[in-house]
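# test case, fold it:
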Amino acid sequence: MGHAHEHHHDHQNLSGRNLLISIVLNILITVAQVIGGIWSGSLALLSDALHNFSDVLSLVISYIANVLVKRKASLKRTFGYKRAEILAAFINASTLVIVAILLIIEAVERFQNPQEIKSNLVIWLSVIAILGNGFSVLLLKGNASDNMNMKSAYLHLLTDMMASVAVLIGGLLMKYYQIWWIDSVLTFAIAVYLIIMGWDLLKNSTKVLLLFTPQSVPIKSIVSDIQNIELVKNVHHVHVWQLNEDEIHLEAHIDFTEDIQLSTFDTILNTIEAIVKEKYHINHINIQPEFGKCDAKDVIVQD
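Numbers count the residues shown, from 1 in each chain. Predicted coordinates:
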């Protein structure tokens, strides 16, 4: 257990370092794109700068969450800051969608009044953004698959790299073919892509924050497995929720057929823990034993 705990902290420290590097890179890119967007008159470049600025905010939030989650539990915070990363993922996904809506409004307005744009500056700044965001994407990719917070930061950077590629293509088309309206079309496409990428993460993080039952946990099957254990009469008042990326909790009341001893209950409890961990990947359970108690025996009880 000690080795796994140490590995977890090494993983978090590496994530924190990579986030810091990405923050510095994106601040530099944002400043360059804002100056370049104003100078060239490119809405696509300014929209990419706005997205990059949202990247900076999201990375800072992710970094803070990464630091907080390492803090230990206390009397005032019995769970510690284990939900900090889920909250960060929710905030970051929300900003993705909000930024996208703002970009769509701006793109529609600019499409109606296309303007000539200094394409050379757009091209060079988009190349710089692609290189900077591409490096940041590689830094965070390894941690994005198993951590919602890191995934939210990774998605911000990945979509921004894709946006910069679109801006580069637009800059080339404007330079060689004078297609000025492409700037607005690409901005609109970038915004739609942001909504698609951000919505799923926003939905999943919201479900965790609202204590919804994880999609992978079939409550009816769990109740059936527990009720098949000898001496178990009824399983009711069940709650299942996901605390963070690593922990799924189960809480339930169990009505027994006999007034059993505490040692017998411990044996049954060990059996239940083994079943729910092996079959359903639930690693924290809290069982309230009962015998002949007059209360609601429904699986789900409104508290």
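
# count of neighbours near Asn26?
Burial measure for Asn26: 27 neighbouring residues, criterion other Cβ atoms under 10 Å. Where C-beta positions appear, they are placed from N, C-alpha and C, glycine not excepted.

# count the residues that sit near Asp259.
7.

# let me redo that: Ile300
Neighbourhood size, Ile300 [other Cβ under 10 Å]: 12.

# surely it and Val238 touch.
Yes - contact status for Ile300 versus Val238: in contact at 6.4 Å, counting by Cβ atoms under 8 Å.

# give the residues shared as contacts by the two.
Residues touching both Ile300 and Val238 (Cβ atoms under 8 Å, 6 or more residues apart in numbering): Ile219.

# who's in contact with the spatially closest residue to Asn18 that is not a sequence neighbour?
Using Cβ to Cβ, 6 or more residues apart in numbering and skipping residues adjacent in sequence, the residue nearest Asn18 is Leu139, 4.1 Å away. Leu139 is in contact with Asn18, Ile21, Ser22, counting by Cβ under 8 Å, 6+ apart.

# repeat for Lys297
Here Lys297 is in contact with Asn234, His236, Asp255 (criterion: Cβ under 8 Å, 6+ apart).

# do Leu50 as well
Going by Cβ under 8 Å, 6+ apart, Leu50 touches Val99, Leu102, Leu103.

# burial measure for the last one, as a count.
The number of residues packed around Leu103, counting by other Cβ under 10 Å, is 26.

# residues contacting it?
By Cβ under 8 Å, 6+ apart, Leu103 lies in contact with Ser47, Leu50, His51, Thr187, Phe188, Ile190, Ala191, Leu194.

# then Leu186?
Applying Cβ under 8 Å, 6+ apart, the residues near Leu186 are Ala44, Ala166, Val167, Ile169, Gly170.

# again, 10 Å this time
42-44, 47-48, 107, 163, 165-171, 173 (Cβ atoms under 10 Å, 6 or more residues apart in numbering).

# can you show me the helices along the stretch 51-200 of the chain?
Ranges of helices in the stretch 51-200 of the chain, per DSSP state H, counting those that start in this stretch, are 84-112, 119-144, 148-177, 182-209.

# go through these and pick out the most buried.
For those, the largest average neighbour count (mean count of other Cβ atoms under 10 Å) is found in helix 148-177, namely a mean of 23.

# just the angle between that helix and helix 182-209, please?
Going by axes from the mean of the first three to the mean of the last three Cα atoms, to 10 degrees, helix 148-177 is angled at 170 degrees with respect to helix 182-209.

# and His249, helix, strand or coil?
strand (DSSP: H, G, I helix; E, B strand; the rest coil).
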